[in-house]
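Enquirer: Provided below for reference: sequence and predicted model.
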Amino acid sequence: MIQPKKPAGREGELIVREALSVMPAPARRLFMQRGLTLGGLALLSGCDIRISSQPSIERALKAVSRMNDAAQAALFDPNRLAATYSESELTRPFPFNAFYPMSQAPKVDGDSYRLKLAGLIQNKTPWALTDLYALPQTQQITRHICVEGWSAIGRWGGVRYADFLKQIGADTTAKYINFECADGYHTSIDMPTALHPQTLLTLSYDGFLLPREFGFPMKLRMPTKLGYKNPKHIMVMTVTNTYPGGYWEDQGYNWFGGS
Ligand SMILES: Nc1nc2c(c(=O)[nH]1)N[C@H]1C(S)=C(S)[C@@H](COP(=O)(O)O)O[C@H]1N2
Ligand SMILES: [Mo]
């Protein structure tokens with residue numbers, strides 16, 4: 001039997017509190033029920049937490065976050081639908097967010113644009129926008145939640161992503177899909193979320209072509225995930241079994257990022 005290290009007083013408490021704050025609700029509930037201690041955290045994360053060593057604490061917190069990914073993946077119900085709203089509830093104007101100001105949103109030329117496909121996909125022929133517009137389209141009014149403390153309801157239209165993945169012969173037993181964007185952003189998602197019925201390869205916003213600042217020519221919209229998991233200006237999609245991380249995820253945001 002391994003003996004957990006004794007929680008180190010006030011500093012130990014602070015670390016536990018920090019760990020709790022980086023955990024989304026389901027994992028937090030689980031840990032609260034079990035009475036989380038610093039020693040317990042060390043055991044669960046497989047890390048030897050020394051109060052004096054900041055990098056080891058960060059490593060432990062990262063491990064907790066990856067553990068949390070597993071907890072969220074286990075709790076994710078592929079058939080449970082996120083809330084939808086009525087037209088009268090739309091947020092206008094819709095807020096802009098990116099890691100730069102709005103004036104710097106990338107200008108992608110729609111005529112020469114080709115969506116590139118990579119990794120575990122049978123037909124990697126790049127897609128022109130006109131071909132994507134020709135696929136069956138659907139619309140949804142859902143809420144976008146940003147971890148920076150705002151949420152907004154929008155109406156997005158496009159192709160059901162599960163249908164698109166089927167069409168291109170994506171290996172849906174693979175673990176991840178990574179998205180590279182025109183502005184240098186990237187993020188990646190789990191396959192069950194990719195296949196969720198509300199995950200939308202989004203080409204329009206509020207009945208119009210997706211505006212430049214909101215992701216032209218294409219974004220992926222997932223009402224089951226937080227804002228930073230919804231990539232705008234997608235240029236390349238890669239189906240892979242190698243963990244791809246993401247722009248914010250690599251800086252400590254939780255990878256699964258469910259809402
Ligand atoms: N390419 C790209 N996609 C991105 C981002 C970004 O900076 N670049 N920011 C993310 C974050 S944190 C949020 S909240 C939403 C904002 O989308 P909006 O401008 O449509 O509100 O885009 C997400 N997708
Ligand atoms: Mo965000």
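Expert: Done, it's in. Ligands and ions are numbered 1, 2, ... in the order given.

Enquirer: Only C-alpha atoms from now on, for both contacts and neighbour counts.
Expert: Fine.

Enquirer: Break down the chain into its helices, ranges please.
Expert: 9-22, 25-34, 38-45, 54-75, 129-133, 161-167, 191-194 (DSSP state H).

Enquirer: Lowest average pLDDT across the ones you listed?
Expert: When the helices of the chain are ranked by mean pLDDT, helix 38-45 comes last with a mean of 62.

Enquirer: Kindly provide the distance from the residue of the chain found nearest ligand 2 to Thr138.
Expert: The chain approaches ligand 2 most closely through Cys146 (3.9 Å), counting by CA to the ion. Look at Cys146 and Thr138: by CA to CA, to the nearest Å, they are 24 Å apart.

Enquirer: residues in contact with Glu249?
Expert: When contacts are counted by CA atoms under 8 Å, 6 or more residues apart in numbering, Glu249 touches Thr187, Trp255.

Enquirer: Actually, Ile145.
Expert: By CA under 8 Å, 6+ apart, the contact set of Ile145 is Ser151, Ala152, Leu226, Gly227, Ser259.

Enquirer: can you count the residues close to the nearest residue to Thr172 once chain neighbours are set aside?
Expert: Spatial nearest neighbour of Thr172, chain neighbours left out: Met191 (6.6 Å); criterion: CA to CA, 6 or more residues apart in numbering. Close neighbours of Met191, defined as other CA atoms under 10 Å, add up to 18.

Enquirer: And for the one 3 residues further on?
Expert: The burial metric for Ala194, expressed as a neighbour count using other CA under 10 Å, is 23.

Enquirer: hang on, the earlier thing: for the nearest residue to the residue of the chain closest to ligand 2 once chain neighbours are set aside, which residues are in contact?
Expert: Sequence neighbours aside, Gly227 is the residue nearest to Cys146 in space, at 4.7 Å (criterion: CA to CA, 6+ apart). For Gly227, the contact set (CA under 8 Å, 6+ apart) comprises His144, Ile145, Cys146, Val147.

Enquirer: Would you state the strands of the stretch 51-200 of the chain in chain order?
Expert: Listed in chain order, the strands of the stretch 51-200 of the chain (DSSP state E, counting those that start in this stretch) span 114-119, 127-128, 138-146, 150-160, 176-181, 186-190, 200-205.

Enquirer: what distance separates the first one from the centre of its chain?
Expert: Average the C-alpha atoms of strand 114-119, do the same for its chain, and the two points are 19 Å apart (CA atoms, centre = their mean, to the nearest Å).

Enquirer: Residues touching that strand, excluding its own?
Expert: Residues outside strand 114-119 that contact it (CA under 8 Å, 6+ apart): 124-129, 234-240.

Enquirer: what about 6 Å?
Expert: Lys124, Pro126, Trp127, Ala128, Met235, Val236, Met237, Thr238, Val239, Thr240 (CA atoms under 6 Å, 6 or more residues apart in numbering).

Enquirer: got the buried residues for it?
Expert: The neighbour-count check on strand 114-119 (16 or more other CA atoms under 10 Å) flags Arg114, Leu115, Lys116, Leu117, Ala118, Gly119 as buried.
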